[in-house]
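# coordinates only, no sequence provided:
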């Protein structure tokens with residue numbers, strides 16, 4: 001942790017670290033898990049509310065909201081598991097820096113969580129993943145062309161987390177695919193030519209996650225990643241792409257995803273209590 005503290009002190013303002021530590025010290029229970037909710041995911045994860053904070057009260061500069069991102073942190077409890085839920089994320093294309101876009105990961109590490117689940121909505125790059133598919137991320141490709149300020153080892157998506165999702169998915173009758181997530185800068189959807197290019201590297205494409213996964217890995221967090229495929233990539237269908245389609249698809253699948261995460265949290269809580 002000494003190396004990590006030196007790293008954090010170098011790259012993050014002292015007032016940010018102190019603010020985070022002040023908020024964390026007020027928690028009545030230590031969280032064991034963090035979840036970052038992407039577009040359309042904010043209402044899927046539920047639990048008994050312990051505390052709620054706006055991003056602005058945490059000192060997170062959430063100055064441009066994207067529809068589907070509430071900009072709130074909730075400390076929740078489900079059964080015997082206490083966890084963090086970040087409803088909304090900061091994107092590089094909004095003008096945030098690497099370190100601003102990854103502030104939820106920093107907060108999670110300072111709060112002492114063991115693992116972080118990164119969710120997102122993504123476009124399909126494969127005809128085997130139609131809209132409505134739920135995909136466990138087993139690897140990623142960073143094509144944001146946004147330079148990393150730190151030398152990272154490759155992020156690894158935790159196999160045990162994947163196995164728990166598979167187990168509860170099978171129990172709930174939910175088909176879970178696996179695939180490679182390609183992260184791009186955005187904010188526009190890709191052209192048909194870009195989709196054909198990107199399909200050589202991965203199975204779904206989005207505008208988040210890859211930087212968060214890198215920092216989480218560096219800070220020693222176990223990482224789970226899960227994508228909801230909300231639309232075909234451009235050129236794969238005749239429909240016109242728009243952000244509302246993303247939200248509509250996510251909304252239609254809320255009951256299914258709610259069951260998936262409810263069962264996952266119950267199973268993760270059992271494992272956490274045994275450790």
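Structure received. None of the values given here were measured: they were computed from a predicted structure.

# centre-most residue in this protein?
Closest residue to the average C-alpha location of the chain: residue 118 at 2.2 Å, with C-alpha atoms, centre = their mean.

# can you pull the phi/psi pair for that residue?
Backbone torsions of residue 118, given as degrees, to the nearest 10, read phi -100, psi 120.

# that one contacts residue 224, correct?
Yes - using C-beta atoms under 8 Å, residue 118 is in contact with residue 224, at 7.1 Å. C-beta: built from backbone N, CA, C; applies to glycine.

# follow-up on the earlier one: could I get the contacting residues of the residue nearest to the centre of the chain?
Shown in contact with residue 118 (C-beta atoms under 8 Å, 6 or more residues apart in numbering): 36, 38, 137, 208-209, 212-213, 216, 223-226.

# now do 7 Å
Contacts for residue 118 (C-beta atoms under 7 Å, 6 or more residues apart in numbering) come out as 36, 209, 212-213, 223, 225.

# with residue 195 instead?
Residue 195 touches 125, 233-236, counting by C-beta under 7 Å, 6+ apart.

# mind doing that once more with 6 Å?
233-235 (C-beta atoms under 6 Å, 6 or more residues apart in numbering).

# any chance of the contacts of residue 118 in JSON lines, with secondary structure too?
Formatted as JSON lines, the contacts of residue 118 follow (DSSP: H, G, I helix; E, B strand; the rest coil):
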{"residue": "36", "secondary structure": "strand"}
{"residue": "209", "secondary structure": "coil"}
{"residue": "212", "secondary structure": "helix"}
{"residue": "213", "secondary structure": "helix"}
{"residue": "223", "secondary structure": "strand"}
{"residue": "225", "secondary structure": "strand"}
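
# just give the nearest non-adjacent residue to residue 261, would you?
With sequence-adjacent residues excluded and distances taken as C-beta to C-beta, 6 or more residues apart in numbering, residue 261 is closest to residue 45, at 5.0 Å.

# now do the SS call for that neighbour.
Three-state assignment for residue 45 (three-state DSSP): coil.

# now do it, the pLDDT please.
Listed pLDDT for residue 45 reads 89.

# again with residue 249
Note for residue 249: predicted pLDDT of 75.

# and it, what does it touch?
Listed by C-beta under 6 Å, 6+ apart, the contact set of residue 249 reads 131, 230.

# give me the phi and psi for it.
Dihedral angles for residue 249 - degrees, to the nearest 10 - are phi -60, psi -40.

# and the residue nearest to the centre of the chain, bridged to which residues?
Beta-bridge partners for residue 118, by DSSP bridges, are residue 36, residue 225.

# for residue 105, see how far away it is.
9 Å (C-beta to C-beta, to the nearest Å).

# mutual contacts of these two, please.
With C-beta under 6 Å, 6+ apart as the test, residue 118 and residue 105 both reach residue 212.

# quick one: the strands in the stretch 151-275 of the chain?
Ranges of strands in the stretch 151-275 of the chain, per DSSP state E, counting those that start in this stretch, are 176-184, 204-206, 222-232.
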